[in-house]
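>>> Return atomic coordinates for the entry below.
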Amino acid sequence: MSSSLADRMKLMLSTGEDSDVHFLLIQAHKVILKRASDVFGAMFRFDSKKEKTENISAESLVVIPDIEAQAFKVMLSFIYAEDLSELNGDNVMAVLFAANKYNISLLVKACLDFPINKLSDVFLAYKQAHLLNKKNFARRCMDYIEQNVETLTKSESFLQIDQNLLCEIFDHNMLLITNEFELWKAALRWADEKCRQNAIECSAENRRSALGPALFKVRFPLISRREFSQNIVPSGVLTMEEFVGIYQFHCHPNFSGVSGLYPLQFSSRGRISDRKKGRLMLDIEKFSEFAQLSAGSCKRFLEDYVYIGGLPWIIMAKINTQIESTEKWMDFFLWCIGPKQDEHWNCKCSATLRIVSRNSVTEDLIGKLDDCVFNNKSRLEGFPFFTTCEELLVEGP
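Now for the predicted structure:
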């Protein structure tokens, strides 16, 4: 017989031959369990005077109500043969609980090293890791949630989290999302699910009640005016005072909004994502009419902020003239609004300006900014007198 020790131990576990302790219907051997775990050692009080009988005695029957049978089997497989083949994203947290309870340190480590992206429910794993005081594992779970929040909030498991965890996630500054409106849609999906679970109507009042403090973790000032007006205001979830405060912010973003009749009740701080690159697109309709307007009074702004590197950016185009000349030129500027909470902020960026004509035969005009520093005193950088309006009006052949 040439089978390995691990194979013989697995056979011993599966057959239950000479087993002297039963966990519900799982047979095992006290001597092996005691060597693997001091907790098991304390459980078993071996009486050498007692002889084993065919029937399972009350003393050798161990009831463990707080561990799933499958997780317990995985733990026994590891104890007997260091076999982790059955450890997976569905049972790893239950196995971690069992290994932690019985102080099986190597199995605890194996569970904590499990790939986060293979967990079947990272939200539940995060909560359980906190309960077990596994802070590093919990941090890895939250890091994964931050990096994949847009996908995860569309999952069924997201709809099952509690309000406290919803608040905690929405409060994070490092959420990697396309825009804040995606987070609002996730909040509504979650609120509607809670209404369904409680068999109540998905009304504006019930949605607001379900969200509770999580509503104030959504950073409505970061949502574009168009999305806010077309989707959020009609939902009826916000009060009149709340959305007037947000409208005021949209009109006067540099105003703090902390005082007055309609104070801003939601954070306007940008989500500091890992996205270090982005694209800002300004579409000037009917440029021929735009070019006829007087210099200085004619400007076009990107309507919505684009967050790059956690800071809000817009692009501005305006008509200008040189001294003692009537020729009209186009200026283009990159404008960083910056965080209101820190007057000493600064950042460095490089950018490429590309003017693309709808006329496919006209070549693009390109300009570059290299290592420009933006701060509270220098928010604008760009291209004054970049090109003449006449050049942009030239038709292709």
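>>> List the residues that contact residue 129.
Residue 129 is in contact with 93, 135, 137, 138, 141, counting by CB atoms under 8 Å, 6 or more residues apart in numbering. Every C-beta, even on glycine, is put in place using the N, C-alpha and C of the backbone.
>>> The fourth one sits in which helix or strand?
It stands for residue 138. helix 135-147 (DSSP states H and E).
>>> Give me the buried positions along that helix.
Neighbour counts over helix 135-147 (16 or more other CB atoms under 10 Å) mark 137, 138, 140, 141, 142, 144, 145, 146, 147 as buried.
>>> Among those residues, which has the minimum pLDDT value?
Checking pLDDT across the buried residues of helix 135-147, the minimum falls on residue 147 at 82.
>>> okay, among the contacts of residue 129, which ones form the most distant pair?
Using CB to CB, these span at most 15.2 Å, a distance reached by 93 and 135.
>>> burial count for residue 250?
For residue 250, the count of nearby residues is 17 (other CB atoms under 10 Å).
>>> Enumerate the beta-bridge partners assigned to residue 299.
residue 318 (DSSP bridges).
>>> now residue 387
Beta-bridge partners for residue 387, by DSSP bridges, are residue 330.
>>> Near it, how many residues? Count them for me, please.
Residue 387 has 15 neighbours, counted by other CB under 10 Å.
>>> Next: residue 368.
Residue 368 has 10 nearby residues by other CB under 10 Å.
>>> before we move on, what about residue 223?
By other CB under 10 Å, the residues close to residue 223 number 24.
>>> Let me know the pLDDT of it.
On pLDDT, residue 223 comes in at 90.
>>> Report whether the expected contact of it with residue 232 is present.
Yes - if you go by CB atoms under 8 Å, residue 223 and residue 232 touch, sitting 6.7 Å apart.
>>> overlap in contacts of these two?
Counting by CB under 8 Å, 6+ apart, the common neighbours of residue 223 and residue 232 are residue 184.
>>> Pass me the low-pLDDT residue ranges in the stretch 51-200 of the chain, would you?
Counting by pLDDT under 70, the ranges of the stretch 51-200 of the chain that qualify are 51-63, 65.
>>> One more pass at 80, please.
For the stretch 51-200 of the chain, applying pLDDT under 80 flags the ranges 51-67, 178.
>>> Next secondary structure after the longest helix seen in the chain?
In the chain, assigned by DSSP state H, the helix with the most residues is helix 180-197. Toward the C-terminus, helix 180-197 is succeeded by helix 204-211 as the next helix or strand (DSSP H and E).
>>> just to revisit the earlier point, other residues contacting the helix holding residue 138?
Identification of contacts with helix 135-147 by CB under 8 Å, 6+ apart yields 112, 116-117, 119, 122-123, 125-126, 129-130, 152, 169, 172, 174-176, 274.
>>> Give me the subset of the residues you listed lying in helices.
Using DSSP H, the subset of the contacts of helix 135-147 located in helices is 112, 122, 123, 125, 126, 129, 130, 152, 169.
>>> Any chance of JSON lines for these, columns distance to residue 160?
Listed next are the ones in helices among the contacts of helix 135-147 as JSON lines, based on distance: CB to CB, whole Å:
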{"residue": "112", "distance to residue 160": "24"}
{"residue": "122", "distance to residue 160": "12"}
{"residue": "123", "distance to residue 160": "7"}
{"residue": "125", "distance to residue 160": "13"}
{"residue": "126", "distance to residue 160": "13"}
{"residue": "129", "distance to residue 160": "17"}
{"residue": "130", "distance to residue 160": "16"}
{"residue": "152", "distance to residue 160": "12"}
{"residue": "169", "distance to residue 160": "13"}
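>>> Among those, name the buried ones.
Applying 16+ other CB under 10 Å to the ones in helices among the contacts of helix 135-147, the neighbour count classes 112, 122, 123, 125, 126, 129, 152, 169 as buried.
>>> Could you pull out the strands in the stretch 1-150 of the chain for me?
With DSSP state E, counting those that start in this stretch as the definition, the stretch 1-150 of the chain shows strands at residue ranges 21-23, 26-28, 61-62.
>>> Pick out the shakiest of those, pLDDT-wise.
Among the strands of the stretch 1-150 of the chain, strand 21-23 scores lowest, at a mean of 52.
>>> SS state for residue 349?
Classification of residue 349 by DSSP: H, G, I helix; E, B strand; the rest coil places it in strand.
>>> cool, the one 4 residues further on as well?
At residue 353, secondary structure determined by three-state DSSP is strand.
>>> And the pLDDT at it?
So, for residue 353, pLDDT stands at 89.
>>> For the spatially closest residue to it that is not a sequence neighbour, which residues are in contact?
Closest residue in space to residue 353, ignoring its immediate chain neighbours: residue 367 at 4.3 Å, by CB to CB, 6 or more residues apart in numbering. Residue 367 makes contact with 332, 352, 353, 383, 386 under the criterion CB under 8 Å, 6+ apart.
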